[in-house]
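Colleague: Below are the sequence and a predicted model; questions follow.
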Amino acid sequence: MQSFEWVDAESVEQAVSLLGEGNERQPVVAKAGGMDLLDLMKNGVVAPHRVVNLKTIKGLDGVRFDAKQGLELGALVTLARLSRESEVRRRYVALADAAEHAATPQVRNAATIGGNLLQRPRNWYFRNEYFHQASGDISERARAGENQYDAIFDNQRTVLVHASTPATALVAYGASVELTGPGGKTRMVPVSDFLLPPDMKRSTDTVIAPNELLTRVRLPALGAGTKAAYHKQGERESYDWPICDVAVVLQMDGKVIRQAAIVMGWVAPTPRRVAEAEKLLVGKTLDEGLARQAAKAAVEGATPLSKNAYKVPVLEAVVRRTVLAAAAA
Ligand SMILES: Cc1cc2nc3c(=O)[nH]c(=O)nc-3n(C[C@H](O)[C@H](O)[C@H](O)COP(=O)(O)OP(=O)(O)OC[C@H]3O[C@@H](n4cnc5c(N)ncnc54)[C@H](O)[C@@H]3O)c2cc1C
């Protein structure tokens, strides 16, 4: 790892200004929990000239709930806190469960929700310095190589999937991120538009500008009949990345489903919402047969790669179980 300057930022304004001083020759990067950034630096994929530590900024670690406005999370809220915060667990259970099942207890204690959404792909080729220096596209190497965990949908341009699992739940809840730029100017972007298909030519897989900070995550207030569930399916229970994950948010009127959001992570370059499956549920009372139909619709059109066709039936089962779990919540 090459040496670099370290700055403990005192305010959002200062951090934004420091990030704005970076350029291609002397990159300046933000660090929150450092769980992804330090891995990338140790792997030789990222070599910053200066690291701006965000953890020293006060006031970015709040969790605020308001019955009308919904939930507001500071970018520095850790995944550990998110998983046990009572308002999150009680009202946004799919997000609490997604945070609880990400990574390991040690990682969750340091990792922040902002950094989690901005992490880079967990793809073997992407994480290897050699493939960044060699000619050829990383996605094409994965397509022709070890693609067990890569995309089974929308994989024509890239086979890499976005790594964040809390993002799956955030998209299902219709969450947005607040980005703050120079002069304190803020803009709100839905998480579904914030995440971009991974691309090795960019330094981020999101729409954030080099001189912006992710400052908050906002989730809308939910109606009285909202029910939700989340499931992450890995090869083992802990310390692992998913094969796929699914978040379901249902707006129920008694036993009848009025609105549905079904979002699938780790199966497409960005979390994939499945309108066809959602439509099947609306206006109906859920039973095992309907959940089965919705799950079948959710995997329609999959285009698996040479080594990941196994993901299709796994995903179908996870969608069916998560829809049933949401309705029964
Ligand atoms: C064994 C293991 C298993 C894991 N399993 C999962 C899993 O199942 N699901 C999952 O989602 N993750 C998983 N992770 C990844 C982990 O959750 C992420 O690395 C972590 O959430 C990143 O957050 P951070 O705060 O440490 O980000 P950092 O590493 O500090 O930052 C990540 C990126 O975001 C930028 N950044 C950070 N904060 C901001 C901000 N506020 N504004 C602008 N830019 C910012 C940084 O410059 C950097 O590019 C796993 C990790 C390990 C080691």
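Modeller: Yep, it's here.

Colleague: C-alpha only now, for contacts and for neighbours.
Modeller: Fine.

Colleague: mind listing what's buried in stretch 244-255?
Modeller: Buried residues in stretch 244-255, defined by neighbour count with 16 or more other Cα atoms under 10 Å: 244, 245, 246, 247, 248, 249, 250, 251, 252.

Colleague: Give me the number of neighbouring residues for the residue lying closest to residue 329 once chain neighbours are set aside.
Modeller: Leaving aside its sequence neighbours, residue 329 sits nearest to residue 227 (Cα to Cα, 6 or more residues apart in numbering; 6.0 Å). By the measure other Cα atoms under 10 Å, the count of residues near residue 227 is 24.

Colleague: Now do the same for residue 227: helix, strand or coil?
Modeller: At residue 227, secondary structure determined by DSSP: H, G, I helix; E, B strand; the rest coil is strand.

Colleague: if I pick residue 62, what's in contact with it?
Modeller: 72, 73, 74, 76, 77 (Cα atoms under 8 Å, 6 or more residues apart in numbering).

Colleague: Pick out whichever of those sits closest to the ligand.
Modeller: residue 76 (6.7 Å; Cα to the nearest ligand atom).

Colleague: Next up, the contacts around that closest one.
Modeller: Per Cα under 8 Å, 6+ apart, neighbours of residue 76: 32, 55, 60, 61, 62, 112, 113, 114, 115.

Colleague: Likewise for residue 66?
Modeller: Listed by Cα under 8 Å, 6+ apart, the contact partners of residue 66 are residue 221.

Colleague: do that again at 10 Å, thanks
Modeller: Neighbouring residues of residue 66 by Cα atoms under 10 Å, 6 or more residues apart in numbering: 72, 87, 220, 221.

Colleague: Widest-spaced pair of these?
Modeller: Distance extremes for the contacts of residue 66: the farthest pair is 87 and 220 at 13.3 Å, using Cα to Cα.

Colleague: who touches both of these two?
Modeller: Joint contacts of residue 87 and residue 220 (Cα under 10 Å, 6+ apart) are 66, 71.

Colleague: Residue numbers of the stretch 51-200 of the chain in contact with the ligand?
Modeller: Contacts of the stretch 51-200 of the chain with the ligand, taken as Cα under 6 Å from any ligand atom, map to 75, 102-103, 111-112, 114-116, 118-119, 163-166.
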